[in-house]
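# sequence first, then the predicted structure, then my questions.
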Amino acid sequence: MSVVWDEHGGATVLRDGHQQSYVDPDDPLLLVFEYVQHLALVLQALRPDPAPLAVTHVGGAGMTLARWVHRVHPGSPQIVLEPDTALTELVRREIPLPRGHRVRVRPLSGQEGVAGLRDGSADVVVVDAFEEGRVPGPLAGRAWARELSRVLAPDGLVLANVADDPGLRWVGRYCATLELELAHVGQMLLREIAAGKRFGNVVVVASRQPLDDVSLTRAAAKAPFPSVWRDAAQTRRAAGGARPFGEEGESSPVPPDPGTLRLR
């Protein structure tokens, strides 16, 4: 793992040969990776009030979104679950968190960390955890969906960054699994991913309460990259009757060779 700095003063965190995070310590609102932009767009659309939010992040890396939440929702108590202590130490040393943050990093896996959270204690759970470029199976199964539902506040949100091959068959099963516990599931994604043109990331949004599709559609239209919001009905149609995963889930597909470092 390493941190690669660029001429603009930004840092890219690399792990397992994959780009994990991009951080500009002087500008936490600068989001380079499109899936991080999508996570922020969803939060802006669904939680426009700058009041603090209780946010749990499953997966840490450079803690880009935690820094964004700290700036946009000052005073937010945040928990970051990151089992890779060497990675956390590297980030803390090379890209320190801003002054006055309320971010607590726990050296636990997503399953261990979420199991320790109180019922209904999280306004938002952000799941962005990969192992060798794949979402681990245990973070996609029915048991995991039940845990997410348990820790969410009644109007809480799950935002999950996942990745899949063209056709998004794995994502379809992932969404069907979440829907067993959280009735309203939608997707924010690039148009080229929705069209099945390449492997890529999808931000899945799940809640007990209906999602504000009007605001999310507007947010997608404003995204720097051509993007689309799929509401719950569109998400189900795109899945084509996909069956949910079992208790332990299945890992997402193997990503293509990441190749050389490239920032857009």
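Yep, it's here.
# now the strands: where do they sit in the stretch 1-150 of the chain?
Remark: strands assigned in the stretch 1-150 of the chain by DSSP state E, counting those that start in this stretch are 2-5, 11-15, 18-23, 55-58, 78-81, 103-106, 122-127.
# report the buried residues of the fourth one.
Across strand 55-58, burial judged by 16 or more other CB atoms under 10 Å covers 55-58. The way it works is simple: take the backbone N, C-alpha and C, and place the C-beta from them, glycine included.
# what does stretch 14-34 give?
By 16+ other CB under 10 Å, the buried positions in stretch 14-34 come out as 14-15, 19-24, 28, 31-34.
# with stretch 224-241 instead?
Here stretch 224-241 shows 227-232, 235-236, 238-239 as buried, counting by 16+ other CB under 10 Å.
# next step: the residues you listed restricted to helices.
232, 235-236, 238-239 (DSSP state H).
# turn these into JSON lines, columns for pLDDT.
Shown next, in JSON lines, are these (pLDDT from 0 to 100):
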{"residue": "Ala232", "pLDDT": "97"}
{"residue": "Thr235", "pLDDT": "97"}
{"residue": "Arg236", "pLDDT": "96"}
{"residue": "Ala238", "pLDDT": "94"}
{"residue": "Ala239", "pLDDT": "92"}
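# relative to Tyr174, which of those residues is nearest.
Ala239 (9.2 Å; CB to CB).
# if we ignore the residues flanking it in sequence, what's nearest the closest one?
Gly172 (3.3 Å; CB to CB, 6 or more residues apart in numbering).
# then Gly75?
Pro52 (4.2 Å).
# partners of the lengthiest strand in the chain in the sheet?
Among the segments of the chain that qualify as a strand by DSSP state E, the longest is strand 152-164. Next to strand 152-164 in the sheet, as set by DSSP bridges, lie strand 122-127 (parallel), strand 200-207 (antiparallel).
# Throw those into TSV and include mean pLDDT, distance to Val42 and mean neighbour count, thanks.
What follows is these, written out as TSV (pLDDT from 0 to 100; distance: least, CB to CB, whole Å; neighbours: other CB atoms under 10 Å):
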stretch	mean pLDDT	distance to Val42	mean neighbour count
strand 122-127	98	10	24
strand 200-207	97	6	24
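# dump these to CSV, plus distance to Arg106.
Shown next, in CSV, are the strands paired with strand 152-164 (distance: least, CB to CB, whole Å):
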stretch, distance to Arg106
strand 122-127, 14
strand 200-207, 23
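# closest one to Phe245 among those strands?
Once the strands paired with strand 152-164 are compared by CB to CB, strand 200-207 is nearest, at 13.3 Å.
# what's the following helix or strand past the closest one packed up against?
Proceeding N to C from strand 200-207, the next assigned helix or strand is helix 213-222, under DSSP states H and E. On a contact count with 3 or more CB pairs under 8 Å, 6 or more residues apart in numbering; DSSP states H and E, helix 213-222 meets helix 34-46, strand 184-190, strand 227-230.
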